[in-house]
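Novice: Attaching a predicted model along with its sequence, questions to come.
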Amino acid sequence: VLPAGIPYLLLPVHLLPVAGTVAVSWTAPYVLFQKVCKPKTNIVFLKVHKSASSTVMNVLFRFGEMHNLTFAFPLRGGHQLFYPHHFMAKFVQGFSPRKPPQFNILCHHMRFLRPEVQKVVPSTAVYFSILRNPVQLMESSFVYYKGTSAFSRAHSLEEFLSQPYRFYNPTAGDSHYARNLMTFDFGFNPDAKVTAKRVNLMLKAIEASFDLLLISEYFDESMVLLKETLCWDLDSVVSFPLNSRDSSTRSPLSSTTAEKIKAWNRLDWEIYTHFNRTFWERIERDIGRERMWREVRALRQRQAELARTCLQGTGSVGPKDIKDSSLRPLQYGNARILGYNIKQGLDEATEHMCRRLVTPELQYSTALYKKQFPPNPPQNTPQRPLQKPPQLAPSLQGMQQGKALRYRLEGTRH
């Protein structure tokens with residue numbers, strides 16, 4: 001019985017032996033060969049906001065931890081690479097321009113800029129990202145980023161869309177959360193005039209930089225496609241949804257509102273519709289619908305098996321019902337972010353596996369950072385009496401740096 005989901009090549013028996021392949025006996029006169037590929041370990045993931053990207057990040061964290069890979073962490077263990085500024089290699093902890101690219105996985109929030117990314121990861125890295133329908137993306141952003149300058153004064157998304165420029169100021173430091181957020185994350189101008197030439201150039205630039213674009217609405221299919229691209233096994237891409245909202249904070253949208261969102265986020269809509277089409281074209285070309293269906297079924301069966309093994313109850317729970325505070329996700333804006341409780345009495349190896357599956361992004365990132373950059377042990381130095389520090393007048397340079405830092409962190413305190 002052959003394992004499902006593995007590519008095979010049917011060749012005449014007289015071609016045996018073939019170096020680099022694994023032969024499996026088959027009825028004469030044919031022999032079945034399993035293709036051999038090497039798992040990819042150098043990866044760039046552009047973590048687009050509110051697009052199931054936290055769940056993808058968990059997949060990368062687990063794989064990297066299991067295989068002792070290095071992560072391109074933000075300076076001092078932060079959780080974003082100085083977003084919303086365009087990415088620069090110097091934002092990465094441990095980066096040195098005098099050394100060759102040394103990190104395996106780059107996956108924290110950033111605004112994409114390929115020439116700088118190439119300084120951090122090897123040239124063999126696989127680049128991928130994930131997209132979401134701009135209609136659902138903006139509905140989610142309005143709830144999650146309710147405190148931003150564009151959304152804070154609008155009582156509803158419908159009110160914002162009725163007169164967007166009454167609330168939206170493109171020069172505000174956090175304006176990108178309110179318009180063409182995917183366009184912004186890919187490094188482009190979210191307020192640019194929409195023309196056929198601009199859209200075409202933007203799509204070609206994304207295609208030139210990225211090997212794979214996933215679609216969050218088809219998350220399981222996306223994980224199968226990612227598994228195939230990276231030559232990983234099934235368990236490496238199994239996951240539980242992370243950073244997802246309770247349904248009580250979701251608002252149904254009318255068709256009129258949906259059309260307004262598409263018009264307001266026209267650049268995002270062009271990106272999404274184009275790569276949604278190429279996503280299915282790639283499945284047809286590389287996997288086929290029938291095999292994809294089998295792979296998705298196997299993935300869901302494995303996820304259900306892990307849920308029975310790991311989780312208390314039937315799945316995710318509200319933040320107040322999470323018993324282990326270390327597994328409680330950040331609550332931000334008006335969203336109610338769900339989490340999980342893991343079963344008691346598991347053996348050590350199973351408990352470790354289950355905990356990694358449900359650990360929220362910030363906690364997992366912090367743990368991996370401390371593992372990669374262990375804190376210096378305290379030195380036994382003689383205690384000196386405390387002295388009152390001298391009072392220094394603020395310098396112009398210091399005030400300018402402080403202002404720049406406040407701008408950098410505006411709207412991204414999480």
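Specialist: Yep, it's here.

Novice: Sketch out the low-pLDDT regions of the stretch 1-150 of the chain for me.
Specialist: For the stretch 1-150 of the chain, the stretches flagged by pLDDT under 70 are 1-35.

Novice: Try it again at 90.
Specialist: 1-36, 99-102 (pLDDT under 90).

Novice: residue boundaries of the helices in it?
Specialist: Assigned by DSSP state H, counting those that start in this stretch, the helices in the stretch 1-150 of the chain fall at 53-66, 114-117, 134-144.

Novice: give the contact list for Leu234.
Specialist: Counting by CB atoms under 8 Å, 6 or more residues apart in numbering, Leu234 touches Gly5, Lys227, Ala298, Leu299, Arg302. (Glycine included, C-beta is placed from N, CA and C.)

Novice: Could you dump these into a markdown table and include secondary structure?
Specialist: A markdown table is the format used below for the contacts of Leu234 (DSSP: H, G, I helix; E, B strand; the rest coil):
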| residue | secondary structure |
| --- | --- |
| Gly5 | coil |
| Lys227 | helix |
| Ala298 | helix |
| Leu299 | helix |
| Arg302 | helix |
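
Novice: Could you pull out the strands in the stretch 151-300 of the chain for me?
Specialist: Ranges of strands within the stretch 151-300 of the chain are 212-215, based on DSSP state E, counting those that start in this stretch.

Novice: Poorly predicted segments of it, please.
Specialist: Regions of the stretch 151-300 of the chain meeting the criterion pLDDT under 90 cover residues 243-252.

Novice: Pull out the C-alpha coordinates of stretch 208-227 and format them as PDB.
Specialist: Below are the C-alpha coordinates for stretch 208-227, written out as PDB (Å, rounded to 0.1, in the frame of the first residue of the first chain):
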ATOM      1  CA  ALA A 208       9.100  38.200  -9.200                       C
ATOM      2  CA  SER A 209       9.700  38.200  -5.400                       C
ATOM      3  CA  PHE A 210       7.500  35.400  -4.100                       C
ATOM      4  CA  ASP A 211       7.500  31.700  -4.900                       C
ATOM      5  CA  LEU A 212       4.100  31.000  -3.400                       C
ATOM      6  CA  LEU A 213       1.000  33.100  -2.500                       C
ATOM      7  CA  LEU A 214      -1.500  31.300  -0.200                       C
ATOM      8  CA  ILE A 215      -5.200  32.100   0.300                       C
ATOM      9  CA  SER A 216      -6.600  32.200   3.900                       C
ATOM     10  CA  GLU A 217     -10.100  31.300   2.800                       C
ATOM     11  CA  TYR A 218      -8.700  28.000   1.500                       C
ATOM     12  CA  PHE A 219      -6.300  27.400   4.500                       C
ATOM     13  CA  ASP A 220      -6.200  23.600   4.400                       C
ATOM     14  CA  GLU A 221      -5.500  23.600   0.600                       C
ATOM     15  CA  SER A 222      -2.900  26.300   1.300                       C
ATOM     16  CA  MET A 223      -1.100  24.100   3.800                       C
ATOM     17  CA  VAL A 224      -1.000  21.200   1.400                       C
ATOM     18  CA  LEU A 225       0.500  23.400  -1.300                       C
ATOM     19  CA  LEU A 226       3.000  24.800   1.200                       C
ATOM     20  CA  LYS A 227       3.900  21.200   2.300                       C
END
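
Novice: Tell me the buried residues in it?
Specialist: Neighbour counts over stretch 208-227 (16 or more other CB atoms under 10 Å) mark 209-210, 212-227 as buried.

Novice: Next: stretch 161-179.
Specialist: Of all the residues in stretch 161-179, those buried under the rule 16+ other CB under 10 Å are Leu161, Pro164, Phe167, Tyr168, Gly173, Asp174, Ser175, His176, Tyr177, Ala178, Arg179.

Novice: What are the neighbouring residues in contact with Arg282?
Specialist: Contacts for Arg282 were tallied using CB under 8 Å, 6+ apart; they are Leu212, Leu225.

Novice: if we go to 10 Å?
Specialist: Arg282 sits next to Leu212, Leu213, Leu225, Glu228, Thr229, Phe275 when contact means CB atoms under 10 Å, 6 or more residues apart in numbering.

Novice: For the first one, which non-adjacent residue is closest in space?
Specialist: Setting aside the residues directly before and after it, Leu212 is nearest to Phe128 in space (CB to CB, 6 or more residues apart in numbering), at 3.9 Å.
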